[in-house]
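Participant: what's the 3D shape of this:
(chains A and B, ligands or ions: 4)
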Protein chains: 2
Amino acid sequence: MSDAHLPFDTAFLDRLADVAIGTGLNLQPGQQLVLTGAAETLPLVRRIAVAAYKAGASVVTPILSDEEITRARYMHGHYECFDAAPAWLFAGMGQAYEANAARLHVSSENPMALSDMDPAKVGRASKANAIAYKPALEKISSFAINWSIISYPGRAWAKLVFPDLSDDEAQAALAKALFAASRVDVPDPVAAWAEHNAALATRRDWLNEQDFAALHFTGSGTDLTVGLADGHLWSGGAAKAKNGITCNPNIPTEEVFTTPHAARVNGTARASKPLSHQGSLIENIEVTFENGRITKASASRGEEVFRKLIATDDGAARLGEVALVPHASPISESGLLFYNTLYDENAACHIALGQCYKDCLIDADGISDEALDARGGNSSLIHVDWMIGSAETDIDGITQNGDRVAVFRAGNWTD
Amino acid sequence: MSDAHLPFDTAFLDRLADVAIGTGLNLQPGQQLVLTGAAETLPLVRRIAVAAYKAGASVVTPILSDEEITRARYMHGHYECFDAAPAWLFAGMGQAYEANAARLHVSSENPMALSDMDPAKVGRASKANAIAYKPALEKISSFAINWSIISYPGRAWAKLVFPDLSDDEAQAALAKALFAASRVDVPDPVAAWAEHNAALATRRDWLNEQDFAALHFTGSGTDLTVGLADGHLWSGGAAKAKNGITCNPNIPTEEVFTTPHAARVNGTARASKPLSHQGSLIENIEVTFENGRITKASASRGEEVFRKLIATDDGAARLGEVALVPHASPISESGLLFYNTLYDENAACHIALGQCYKDCLIDADGISDEALDARGGNSSLIHVDWMIGSAETDIDGITQNGDRVAVFRAGNWTD
Ligand SMILES: [Zn+2]
Ligand SMILES: [Zn+2]
Ligand SMILES: [Zn+2]
Ligand SMILES: [Zn+2]
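Facilitator: Numbers count the residues shown, from 1 in each chain, chains lettered A, B, ... in the order given. Ligands and ions are numbered 1, 2, ... in the order given. Below is the predicted model:
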């Protein structure tokens, strides 16, 4: 398992590891690190471990998955076993975050890994995992600790993005795209990230000043009014976790985002890109919202998976996030479809079904479920982003007085 | 990470996976499986996952380590961080075993992985890990659940065993030796294991009938009287865990073993093979026991690691296991030194420092620490086996009346 076989310059992995530990996590001396990813990502995971220990990590614990092992369950597992989950591992992770461990995920997954498996088994296993993972996820979604996600060019994923290239050429091409989007192909990645974070902060601060009541999206089959939660807060780029550490949860990130009002979303939305969800591809989603809830849903592919997803619980059919990304973002301009939410959501305006980020609400620390609900914050076992933005997207901000302010025209910020 | 590069016939991995799940664990439908090993062992781990799911496992969770990541800590970690441990992961494992998960470890470690690292750091980290792992280990050492260990021919390990061969040749040679010792190179591995288990049971039952007060080992620099615990029980081969499942904790296994009396060991013992302990090699150990405790210790290599080991706690300088293995065992007859306790301990009579197996005591279920102590059962954070048997080993059993019964002569059973 040496690096000799990799069809790209591994110096970029060293820089990506430094960005992950420095900019992504801003890992502090004495912190433990829970490091998740596929075994295929070891060339990067090893470099991240080195960077973490140099930064003073006390223990780095890799939790490595493997696509073949995951598939083996759906191929050979007994039917009655799909409601089980490794609750013990998720409980342990929750305990780690409780004790202020940082969390980094290296994303390299083949978005199609489970597309040929029985959707009923996938749905049951996903729900069981979501229930068991909830306490640990809560530490992440409430931003209790510094966390981040970065990507590695996995070979199966690369072949999906570049089906006409050879295995090696595809992995090299995906590597080039990921390194560029992650800003590690410039002479000083850390300085590039500081500049980019400052630009995102300017957008975020302007939106917070406006305090819009709602956003109205039109274009490409979407005509959707997204009410915003009472006392919503916009986030974007670097942000301070509750443990006091300022980190960048997504590498790359191009979005500013906030918490919509779970009962004030009306109209129709059409997905502008396919959604890759837990190994299945869902294409051409079209939904109708009435008073926050999806009342009609269809998809040209993966409709059953999508229907199961929004039936997970009551909050799964309501919004927990709305995010603005200009069509001129570098990821969008690459023209590539990554079949990976971390990338595709940073190429287009998007909405997320399910759990909201409490961090995107003023004074929501320790808020009760009832109070969260009253302000419009959605609760769910899921949080799934999908893309509605395109070169045709127009967005108006609707002020608390009902006035309209142009925010996006033809896919980009108006200024 | 395909199997194409492996320099041995992977059909043996399929059979080893079947032996691990069938004979080793006897995994039952609905059980979860905690599956630990190095990332390098994925070709076997994947097959084990398939065999486990076919047997009805509900969830198989691989926890994969990596030598480079482990080494990164000792090379780059800050000095003040070596008393930390991933307590959250071990707590999770304990919770899994509490819920009746089975546990399988795939051993492939390079015994020299940490030999060039600072022994002070290695000692501190080992102790921190031992303390954090204790509750989970207790489920294993008390035989609460079905568990097993098998081996995979790791490349660095293979080069240590076969230093004069090329990388591929060495791995092929180690693979051949491991497959033979694990009885997967015969037409019907499961039948071969049933026959072998029956032979071990005959030895075990004879020793239990004798109810010796002590064993007296002589030969090759050893002259040691090992008193046995009051109401000790001999074990060997397949055994029934407290969850009711009969399993083979070690694949391979050639030993019958019991619990010595922690205060009744006297004389001198000299190691007949090097001991590989957590990445360091300890050679030519010589110790003197007085009333159960080591009062003098030396080693020609790794003496500092050995001294730290026996200073872990009070029980670390006392015995928790004594085991009989004939010099004529297949592993011994291979003539190879494996630098791996699972193999070398099954080539020679051995003793273990540290924690005793409560399962090797009559009526010890839920026994209090005081009662265990009164019967001679040792307690410690460690359990480390090392080899004292050779072709010259004679063993007398000393009966409760003080009579002597010949048990071993010239390294083998007298009958
Ligand atoms: Zn988003
Ligand atoms: Zn999101
Ligand atoms: Zn033993
Ligand atoms: Zn032992």
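
Participant: Mind listing residues that contact the top strand by length along chain A?
Facilitator: Longest strand of chain A, by residue count under DSSP state E: strand A:260-270. Residues outside strand A:260-270 that contact it (CB atoms under 8 Å, 6 or more residues apart in numbering or on different chains): A:214, A:217, A:220-230, A:232, A:284-293, A:315, A:318-322, A:351, A:356, A:373, A:375-378, A:388. Just so you know, the C-beta spots here come from the backbone N, C-alpha and C atoms, and that holds for glycine as well.

Participant: And the buried ones among those, selectable in ChimeraX?
Facilitator: In ChimeraX syntax, the buried subset of these is picked out as below (16 or more other CB atoms under 10 Å in any protein chain shown):
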select /A:214,217,220,222,224,225,226,227,228,229,232,284,285,287,289,292,293,315,318,319,320,321,322,351,356,375,376,377,378,388
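
Participant: out of the contacts of strand A:260-270, which are inside helices?
Facilitator: Among the contacts of strand A:260-270, DSSP state H puts A:Asp373, A:Arg375 in helices.

Participant: What about the contacts of strand A:260-270, which are in strands?
Facilitator: Filtering these for strands - DSSP E - leaves A:214, A:217, A:222-228, A:286-290, A:293, A:319-322, A:351.

Participant: picking up where we left off before, what angle separates the longest strand of chain A from strand A:214-219?
Facilitator: 10 degrees (axes from the mean of the first three to the mean of the last three CA atoms, to 10 degrees).

Participant: who does strand A:260-270 pair up with?
Facilitator: Strands that pair with strand A:260-270, judged by DSSP bridges, come out as strand A:222-228 (antiparallel), strand A:286-290 (antiparallel).

Participant: A:Asp100 touches A:Ile245, doesn't it?
Facilitator: One thing to correct before we go on: residue A:100 is Asn, not Asp. No - at 9.1 Å, A:Asn100 does not count as touching A:Ile245 under the criterion of CB atoms under 8 Å.

Participant: Identify the contacts common to those two.
Facilitator: A:Ile145.

Participant: So what touches stretch A:92-99?
Facilitator: If you take CB under 8 Å, 6+ apart as the criterion, stretch A:92-99 is touched by A:32, A:34, A:61, A:103, A:135-136, A:138-140, A:144-145, B:86-89, B:91-93, B:95.

Participant: Swap in 6 Å and give it another go.
Facilitator: A:Val34, A:Pro135, A:Ala136, A:Lys139, A:Ile145, B:Trp88, B:Leu89, B:Ala91, B:Gly92 (CB atoms under 6 Å, 6 or more residues apart in numbering or on different chains).

Participant: quick one, helices of chain A?
Facilitator: A:11-19, A:42-54, A:67-76, A:87-98, A:119-141, A:155-161, A:167-181, A:189-210, A:303-310, A:330-333, A:341-344, A:369-375.

Participant: With distance to B:Arg124 and mean pLDDT as extra columns, can I get these in CSV?
Facilitator: Below are the helices of chain A laid out as CSV (distance: least, CB to CB, whole Å; pLDDT from 0 to 100):
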stretch, distance to B:Arg124, mean pLDDT
helix A:11-19, 26, 96
helix A:42-54, 15, 98
helix A:67-76, 34, 97
helix A:87-98, 20, 98
helix A:119-141, 28, 93
helix A:155-161, 39, 96
helix A:167-181, 38, 97
helix A:189-210, 33, 95
helix A:303-310, 47, 95
helix A:330-333, 45, 89
helix A:341-344, 38, 86
helix A:369-375, 44, 93
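
Participant: and of those helices, who's closest to B:Tyr339?
Facilitator: With CB to CB, the closest approach to B:Tyr339 among these belongs to helix A:42-54: 24.3 Å.

Participant: Spell out whether that closest one and chain B are in contact.
Facilitator: Yes - counting by CB under 6 Å from any CB of the partner chain, chain B is contacted by helix A:42-54 at A:Leu42, A:Arg46, A:Ala49, A:Val50, A:Tyr53, A:Lys54.

Participant: mind listing what the residue nearest to the spatial centre of chain A touches?
Facilitator: For chain A, the residue nearest the mean C-alpha position is A:Leu342 (4.9 Å; CA atoms, centre = their mean). Contact analysis of A:Leu342 by CB under 6 Å, 6+ apart lists A:Ser107, A:Ile149.

Participant: wait, isn't A:Tyr74 in contact with A:Gly123?
Facilitator: No - using CB atoms under 6 Å, A:Tyr74 is not in contact with A:Gly123; the gap is 11.3 Å.

Participant: ok, back up a step: using a markdown table, lay out the helices of chain A together with distance to B:Pro163.
Facilitator: Output for the helices of chain A, formatted as a markdown table (distance: least, CB to CB, whole Å):
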| stretch | distance to B:Pro163 |
| --- | --- |
| helix A:11-19 | 32 |
| helix A:42-54 | 26 |
| helix A:67-76 | 33 |
| helix A:87-98 | 39 |
| helix A:119-141 | 45 |
| helix A:155-161 | 34 |
| helix A:167-181 | 34 |
| helix A:189-210 | 43 |
| helix A:303-310 | 54 |
| helix A:330-333 | 51 |
| helix A:341-344 | 46 |
| helix A:369-375 | 64 |
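
Participant: Nearest to ligand 3, out of the ones you listed?
Facilitator: Ranking those by proximity to ligand 3 (CB to the ion) places helix A:87-98 first, at 28.1 Å.

Participant: got the angle between that closest one and helix B:87-98?
Facilitator: Using the same axes, to 10 degrees, helix A:87-98 lies at 160 degrees relative to helix B:87-98.

Participant: Quick check: buried residues in helix A:87-98?
Facilitator: Neighbour-count burial for helix A:87-98, counted by 16+ other CB under 10 Å, picks out A:Ala87, A:Trp88, A:Leu89, A:Phe90, A:Ala91, A:Gly92, A:Met93, A:Gly94, A:Gln95, A:Ala96, A:Tyr97.

Participant: So the third one versus A:Ser380, what's the distance?
Facilitator: Shown here: A:Leu89 relative to A:Ser380, a distance of 22 Å by CB to CB, to the nearest Å.

Participant: What of A:Leu44?
Facilitator: 31 Å.

Participant: what do you get for A:His76?
Facilitator: Counting by CB to CB, the gap from A:His76 to A:Ser380 is 31 Å.
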